[in-house]
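my questions are about this predicted structure, shown below with the sequence.
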Amino acid sequence: MNYGIYKYARNSSWQCLIDCQTFQLPIKVVQIAACYDIVCRKSNKLDLCSAAGEIRKENGEICIFTDESQTAERRRFTIMHELGHYLLGHLGDMPLSRSEHDCNSEEEQAADKFAADVLMPACVLWGLNIQTPEEIAKLCNVSMQAATIRAERMKVLYQRNKFLLHPLERQVYVQFSEFIQNHKH
């Protein structure tokens with residue numbers, strides 16, 4: 001993924017956590033969507049144009065639909081992924097509809113990056129010294145697949161040891177400081 005797109009998705013995730021005054025894990029995804037006046041609904045898989053979820057305008061409301069047959073952890077990721085499309089400006093003009101997805105497109109990768117960073121903020125995991133997929137999955141209420149990918153990324157971040165360099169990341173860390181102090185290993 002283009003580094004500029006990566007940074008924009010990362011910074012947008014921090015701004016989302018700040019704007020929605022989020023200060024504990026697991027993230028309350030429906031409340032975060034509501035901060036942007038977006039309603040979350042479960043749907044029969046046959047109604048959805050994409051595999052796991054979509055965002056569209058319905059009866060004057062912007063709605064994120066998730067496949068009710070998916071696990072709660074998967075639906076949580078899907079909600080943040082679709083919110084990522086919305087906040088990152090991928091949807092273009094109304095009416096909202098995302099029916100054609102190229103899983104390898106930069107927009108899809110950016111939406112995944114946004115979702116992962118909101119659900120599993122690296123600076124919070126670092127503050128708690130969380131390192132294994134099992135710890136991440138339990139703390140963040142995400143799937144083992146998402147937690148494993150995040151744990152791999154955290155290994156790189158721990159090696160670089162460049163946490164809290166960006167002002168938004170520092171603000172997220174401060175916002176979660178009480179949670180971190182109460183949940184340290």
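Noted; the coordinates are in hand. On a predicted model such as this, the values are computed, not experimentally measured, just so you know. Numbering: from 1, shown residues only.

my read is that T78 contacts E68, right?
No - contact between T78 and E68 fails when scored by Cβ atoms under 8 Å: they sit 11.2 Å apart. Any C-beta I mention is one placed from the backbone N, CA and C, and that applies to glycine too.

more neighbours: which of these two?
T78 (26 against 13; other Cβ atoms under 10 Å).

what pLDDT does that one get?
You'll see T78 listed with a pLDDT of 95.

can you tell me the closest non-neighbouring residue to the most centrally placed residue in the chain?
Centroid-nearest residue in the chain, with Cα atoms, centre = their mean: A115, separated by 1.9 Å. Using Cβ to Cβ, 6 or more residues apart in numbering and skipping residues adjacent in sequence, the residue nearest A115 is M80, 3.7 Å away.

quick check: the one you found vs A151, distance?
According to Cβ to Cβ, to the nearest Å, M80 stands 18 Å off from A151.

of these two, give the one with the bigger neighbour count.
Taking neighbours as other Cβ under 10 Å, M80 and A151 compare with M80 leading, 26 against 20.

what strand or helix carries that one?
helix 72-87 (DSSP states H and E).

quickly find the element holding C40.
strand 38-43.

mind listing what's buried along that strand?
For strand 38-43, a neighbour-count test (16 or more other Cβ atoms under 10 Å) marks I38, C40, S43 as buried.

tell me what the lowest-mean-pLDDT helix or strand in the chain is packed against?
Ranking every helix and strand in the chain by mean pLDDT, DSSP states H and E puts strand 53-58 at the bottom, with a mean of 88. Applying 3 or more Cβ pairs under 8 Å, 6 or more residues apart in numbering; DSSP states H and E, we find strand 53-58 packed against strand 61-67, helix 72-87.

how about the ones you listed in a markdown table, adding distance to R170?
What follows is the helices and strands packed on strand 53-58, written out as a markdown table (distance: least, Cβ to Cβ, whole Å):
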| stretch | distance to R170 |
| --- | --- |
| strand 61-67 | 29 |
| helix 72-87 | 21 |
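
for Y8, find the nearest of those.
When the helices and strands packed on strand 53-58 are compared by Cβ to Cβ, helix 72-87 sits nearest Y8, at 10.0 Å.

and the closest one, what does it pack onto?
helix 3-19, helix 29-35, strand 38-43, strand 53-58, strand 61-67, helix 106-119.

could you export it as CSV, CA atoms only?
Taking C-alpha atoms only, helix 72-87 is exported to CSV below (Å, rounded to 0.1, in the frame of the first residue of the first chain):
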residue,chain,number,x,y,z
ALA,A,72,-19.6,-11.1,16.5
GLU,A,73,-15.8,-10.5,16.2
ARG,A,74,-16.0,-10.6,12.4
ARG,A,75,-19.0,-8.2,12.4
ARG,A,76,-17.1,-5.8,14.6
PHE,A,77,-14.2,-5.7,12.1
THR,A,78,-16.7,-5.3,9.2
ILE,A,79,-18.4,-2.3,10.9
MET,A,80,-15.0,-0.5,11.4
HIS,A,81,-13.9,-1.5,7.8
GLU,A,82,-17.1,0.0,6.3
LEU,A,83,-16.8,3.1,8.6
GLY,A,84,-13.2,3.4,7.3
HIS,A,85,-14.5,3.6,3.7
TYR,A,86,-16.8,6.4,4.8
LEU,A,87,-14.3,8.4,6.8
